[in-house]
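**Q** Output the structure for:
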Amino acid sequence: MQGLLELNGEVGLSGDEAGEGIVALSPGIKVAPFARHPLFVGLGGSFPLGEEELNARLKLAFFYPF
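**A** Numbers count the residues shown, from 1 in each chain. Model (predicted):
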């Protein structure tokens, strides 16, 4: 099991939302469900870092190094 911490964001490039952005912090964990296989599954939550109108959300990710 490994801890994950992701900082992500998005910004509008054109239109009414040009220049407006959202930044979110996403803590979570990453586990290897199979002992002899390089596949990892990550699970975490995403929370906005400001007063943006973004709700918290659940994130599920699959990692496969190649």
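
**Q** contacts and neighbour counts: CA atoms only from here.
**A** Noted.

**Q** residues contacting the residue lying closest to residue 64 once chain neighbours are set aside?
**A** Computed as Cα to Cα, 6 or more residues apart in numbering, the closest residue to residue 64 that is not its neighbour in sequence is residue 39, at 4.9 Å. Counting by Cα atoms under 8 Å, 6 or more residues apart in numbering, residue 39 makes contact with 32-33, 62-65.

**Q** So which of the residues you listed wins on neighbours?
**A** Neighbour counts for those, by other Cα atoms under 10 Å, peak at residue 32, which reaches 15 neighbours.

**Q** That one against residue 1, yeah?
**A** Yes - with contacts counted by Cα atoms under 8 Å, residue 32 reaches residue 1, the gap being 7.0 Å.

**Q** Let me know the pLDDT of the residue nearest to residue 64.
**A** On pLDDT, residue 39 comes in at 91.

**Q** cool, and residue 53?
**A** For residue 53, pLDDT reads 67.

**Q** List the contacts of residue 10.
**A** By Cα under 8 Å, 6+ apart, residue 10 lies in contact with 21-23.

**Q** Next, it: secondary structure please.
**A** The three-state assignment at residue 10 reads strand, by DSSP: H, G, I helix; E, B strand; the rest coil.

**Q** Perfect, that will be all.
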